Structures are given as C-alpha cells and as structure tokens.
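[1] Just a sequence and a predicted model for now, questions to come.
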Amino acid sequence: MNAIQKPGRRGPRILLALLLASVAAGGVWLYVNNLEQAAAASAAAAAQQARVAAATTGRAKVVVATQGLAAGTPLSSTSVDLRDVSQDAVQPNAVTVLNDAVGKALNQPVAANQQILYQYLTSPDSPDIKKLADLVPAGKRAMSVTFTELNTAGGLVAPGDFVDVIGVFNKDTLGKDQSMLLMQDILVLAVAQDTSVDQLPRQGAPAGSQPPASLPAPGRGTTAGVALPQPTPVSVPYAPSAARTLTLAVDPEAAERLALAEDYGHLRYIVRPGAERTQSSVVPADLTTLASPIQVAAGQIIATEISPTNTKVGDTMDISITVKNTSDKPLQTMGPEPGFTYVQGQTYFTQQFASDPGKWRVAVGTAGLDSTDLPYRWGLGGDLAPGATTTVTGHIKVTQDFKATNFWAALVNEPSTVVQSGVGMTLVTSLPQNLAVVAVDAANVRSSPSIAASVLDQVKYGTELQIVGQSADWFKVKLPDQREGWVAAGWIVTAGQ
C-alpha cells in the first residue's frame, strides 16, 4: 500500500517541470539574441572599415604653406600644415612629414596652399638662402622678358641654360622687314619664379611605360617576329603652363636694347648647346635673303685655352687656339708667327703687323682693358688646307695690375670681318697679393668674420680693398676711409682666386 502514490501529488511536479522548461527556453533565446547582436556589430564594423578604405584609397598627406611665405622665412606649425590630397596631386619630392619642415627655413618664396618640397628647405641660419640679386653675375643685370612656348624652344628652357636672342622687326620700325641676332650666350636666371632646374616639373614617358625590347607591343616594334629596340624615354624639365616670364642676366647696355626690341619687335630665344660659349658673326636677314644660300663660315675655332687665370706683374699668359678650315679653299694667313709674345699694351698694329686684306688670323680680345678691338693677333703658321686643323699658340707678357677681366678668342678674316668672337671666355685677374676687388653689386663689411656680425658698411662693385688679414673664408680689409672690417670670400676677387 505504501508504494502506491496518491493522485493528488502530481500537480506540483508538473508546475516545476514547466518552470524549468521556461527558464531553459529563455536562456536559449538570450544566447541566440546575443549571437545575432554580435554578428550585426561585426558586420557594421566591417562596413565602416570598407567605407574608410574606399575614402582613403589613392590619398596621401603632404605639407603645404598655410599662407604666402617669403624666402628665408622660418617654418612653424602655424605657417605649414599637413593636408590630405589625391595621390596624383603629390608633387615630386614633396615633404610628407610635418616635423621635416618645422624648424627649417625656405630658400625661395612659396604661395599659400603650395606644397613644400625638400629642395625648398634649408637651415634657418644657412648662408645658402639667396635672393635673386645673389644669383646675378657681377656686372650683369636681371631682366625679365615675355615667355611663351612659341618664342622659347617649346617651353623647354630651364634656369642655367644659355640662349641667343633673335629680334624680328617690320618695315615700319627699321624701314624693311628684317631679323637679326641681337645677343648671344645669355644666361637664364629664372623661368617664372623658379630659379633652379630642380624646381621645374619634368616630362617624358614614366619608367616602365614602354614594353621591353624582347616583348614589343602587338602590331609595332617587330619585323617578321623579330623584336626591335624600343626608344628610351627622355625626361626633360619644362616650364609650368602658368609661366609667362623669362629672367635673363644681361649687361646694362644690353638691357636697354632688349627693352626697346621687345616693345618694337618680336623676340625669339634659342637654346645653345650646354658647353658651347662661342659667338658668331651673323649678317641680319631680310626678305631679299630668304631665297639666298646660307653662307657658311670658311673657318671655325674648335678649341681655346687661356691660362693662367691668376697672374701678377711679370707673368706671361699662354694662349692656345685651334682652328679648322671648313671651306673648300685654302685659308691664307700672315704674321706674326705662332709663338710671338706681345707685351701688355702693345697691339698687332703697333708691332707692324697691320692687316693684309683677305688673310686669316686668330686674335684675343679683352673686356675694356684695351682700346683696340682684338689687339693681340697671330697668324696660322702657314696657309691652312681645306678640312685641315691647326693649333696656334701665343703669349702676352703682363706688365700692369688689372681687375678681373674677361679674355676671349676670335677668328678674323682681315681686315675687319670677325667670323667668330667671344670663344673660350675666361676671367683673368692680375692683382697684388694684398689687394681685393668687390665682385658683387654691394658687399657687406662686417665687424667680425661671421654672417651674424653687425654690418659696418657696404662697398660697391669694383671697389679695391686692401687685405690686412684672413680667417677661413673671411678677409679682413681696410676700407677707403681706413676703417677695418671683414668681407666674405665669395663677394671679392683676390690674386689667389
């Protein structure tokens, strides 16, 4: 009887079972719900990462100027900033780390929002920070002229190039339509505001854009299945599309002529070979000469050497000029014979070697040192056969001190046809050991041999200063008023330079 359960006890057990089942179901629901939320959060994070990746693809950080900055300006966190730009907008050699720019100084002006390039940066106390005036050679002037791709070798001219200037004038200006070679061997100081070739963009096919020679592109570069060599891409600097000016280093007198020629005619600037400093005598062209054969010079100087470049009284300058006969007829010549020595101040005329018309001689000219044009002349040592080459030597005995002066070689068809001039331009000085000459427009004389020292005075180009001491690259000099100060070696010419 005790083993038999009474029916009245089943109710509480059923209720307990239902309660446990409800708790289990709730736990399962919470677990599943948590899994769903975690999956949703993960999907949202992945989507956000995808959006960020899509937004930053092809982007880069570059340092830009927050405002227009002058050359020499020290850079701070307020004057430059990091900016996000598209990858194809990043300029070559752009600064991408802010700390690489902050604390440095600019060696050239930049505009607001312009990218800062590494070549723009220098030490704040560096003497390399230059103004345009520092780039102008002594005795020259910087002059800007109108620049277009049409009048300047397709816009491929760059700072440091040398150009010849051609002027084209109509009959209302000169009485007839005429073109002439106005100037030769003129240094380009700047293209727009770029004073260095490194500041210009470069054009040309990027590396790897041409198929390799062994695998030419389909349809070209093959002949009967044989691979042909592909041209090597050439990268050359070119002027930015916004460039409108070209700045040249010209003589003061040439600047006057250039300004007048630009107002009354059309100018063209032709680029010279990098190492060629020769100047040619070219007859102006007009409409009547267009159909005439171009006259080729019968002779040409192909090599020149003038040495030494530093002399003192009693020294002898040695001249070596190599000439080639480029015609089909012999070049007849006259005296003096090669090897003849002139004493400074003498001329071919005073030494009884007056011109014999039609004869050929080499000559040496100086910039203002002699009143006679091309005073030192030598014969070729014998008539020069067609196609033949000869080297003429000569000497000049130095008898007087002179400031830095340009000497050059010329080829003359006597009595007055200068076929070539300005060849092998060489700067020669003949100074006492204790004398210096200012070689820039204005040189600072400082209280001590340091760029940080106070400026006592400024001395003009060509001023002679007595040297009384030296410390490294500084010279202690005596001013005309007998005060003493220090001048940097780069601003003067001495007998030892």
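    Thanks, I have the structure now.
[2] which residues sit in contact with residue 102?
    Residues in contact with residue 102, defined by CB atoms under 8 Å, 6 or more residues apart in numbering, are 75, 76, 77, 80. To be clear about C-beta, it is placed using only N, CA and C from the backbone, and glycine gets the same treatment.
[3] Not counting sequence-adjacent ones, nearest residue to the second one?
    Sequence neighbours aside, residue 102 is the residue nearest to residue 76 in space, at 6.2 Å (criterion: CB to CB, 6 or more residues apart in numbering).
[4] returning to that earlier point: of the contacts of residue 102, keep whichever come out buried.
    Burial by neighbour count, judged by 16 or more other CB atoms under 10 Å, picks out 75, 80 from the contacts of residue 102.
[5] counting contacts, what elements does whichever strand or helix holds residue 363 pack onto?
    Using DSSP states H and E, residue 363 maps to strand 360-366. Contact partners of strand 360-366 among helices and strands, from 3 or more CB pairs under 8 Å, 6 or more residues apart in numbering; DSSP states H and E: strand 299-307, strand 316-325, strand 376-379, strand 389-397, strand 402-413.
[6] now the last one and strand 389-397, what's the angle there?
    Angle, strand 402-413 to strand 389-397, by axes from the mean of the first three to the mean of the last three CA atoms, to 10 degrees: 140 degrees.
[7] Please export the alpha-carbon coordinates of strand 402-413; CSV is fine.
    Backbone C-alpha positions of strand 402-413 (Å, rounded to 0.1, in the frame of the first residue of the first chain) are rendered in CSV as follows:
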residue,chain,number,x,y,z
PHE,A,402,94.3,94.8,-63.6
LYS,A,403,91.0,93.9,-62.1
ALA,A,404,89.1,90.7,-63.0
THR,A,405,88.7,91.0,-66.8
ASN,A,406,87.3,88.7,-69.5
PHE,A,407,89.6,87.5,-72.2
TRP,A,408,88.3,85.6,-75.3
ALA,A,409,89.4,84.2,-78.6
ALA,A,410,88.3,85.3,-82.1
LEU,A,411,88.8,84.4,-85.7
VAL,A,412,89.3,87.3,-88.1
ASN,A,413,89.3,87.5,-91.9
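[8] Please tell me how far it is from the chain's geometric centre.
    How far strand 402-413 lies from its chain's middle: 26 Å, per CA atoms, centre = their mean, to the nearest Å.
[9] Who does that strand pair with, and is each partner parallel or antiparallel?
    strand 360-366 (antiparallel), strand 417-430 (antiparallel) (DSSP bridges).
[10] Show me the two of the contacts of residue 102 that sit farthest apart.
    The largest separation in the contacts of residue 102, counting by CB to CB, is between 75 and 77 at 8.6 Å.
[11] Secondary structure and pLDDT for the contacts of residue 102 - can I get that in JSON lines?
    What follows is those, written out as JSON lines (DSSP: H, G, I helix; E, B strand; the rest coil; pLDDT from 0 to 100):
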{"residue": "75", "secondary structure": "coil", "pLDDT": "90"}
{"residue": "76", "secondary structure": "coil", "pLDDT": "89"}
{"residue": "77", "secondary structure": "coil", "pLDDT": "86"}
{"residue": "80", "secondary structure": "strand", "pLDDT": "91"}
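[12] Let's have the contacts of residue 102 in a markdown table, adding distance to residue 427.
    Converted to a markdown table, the contacts of residue 102 look like this (distance: CB to CB, whole Å):
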| residue | distance to residue 427 |
| --- | --- |
| 75 | 38 |
| 76 | 43 |
| 77 | 46 |
| 80 | 41 |
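[13] Now residue 374: closest residue in space that isn't a chain neighbour?
    Once flanking residues are discounted, residue 374 sits nearest to residue 363: 3.9 Å by CB to CB, 6+ apart.
[14] Might one say that the one you found is in contact with residue 412?
    Yes. Counting by CB atoms under 8 Å, residue 363 does reach residue 412; the two are 5.3 Å apart.
[15] Between the two, which contacts overlap?
    374, 377.
[16] mind checking the SS state of residue 451?
    Secondary structure, DSSP: H, G, I helix; E, B strand; the rest coil: residue 451 is coil.
[17] neighbours around it, how many?
    Residue 451 has 11 neighbouring residues, counting by other CB atoms under 10 Å.
[18] Quick one: residues contacting residue 387.
    By CB under 8 Å, 6+ apart, the contact list for residue 387 reads 324, 325, 326.
[19] 10 Å - rerun?
    Contacts were defined as CB atoms under 10 Å, 6 or more residues apart in numbering; by that measure residue 387 touches 324, 325, 326, 327, 328.
[20] Excluding chain neighbours, what is closest to the second one?
    For residue 325, the nearest residue in space outside its immediate sequence neighbours is residue 384; the separation is 4.5 Å by CB to CB, 6+ apart.
[21] circling back to that earlier point, just say which of the strands paired with strand 402-413 is most tucked in.
    By mean neighbour count, with neighbours taken as mean count of other CB atoms under 10 Å, strand 360-366 ranks first of those at a mean of 24.
[22] Measure how it sits relative to strand 299-307, angle-wise.
    Going by the same axes, to 10 degrees, strand 360-366 makes 40 degrees with strand 299-307.
[23] Having no further points to raise, I will conclude here.
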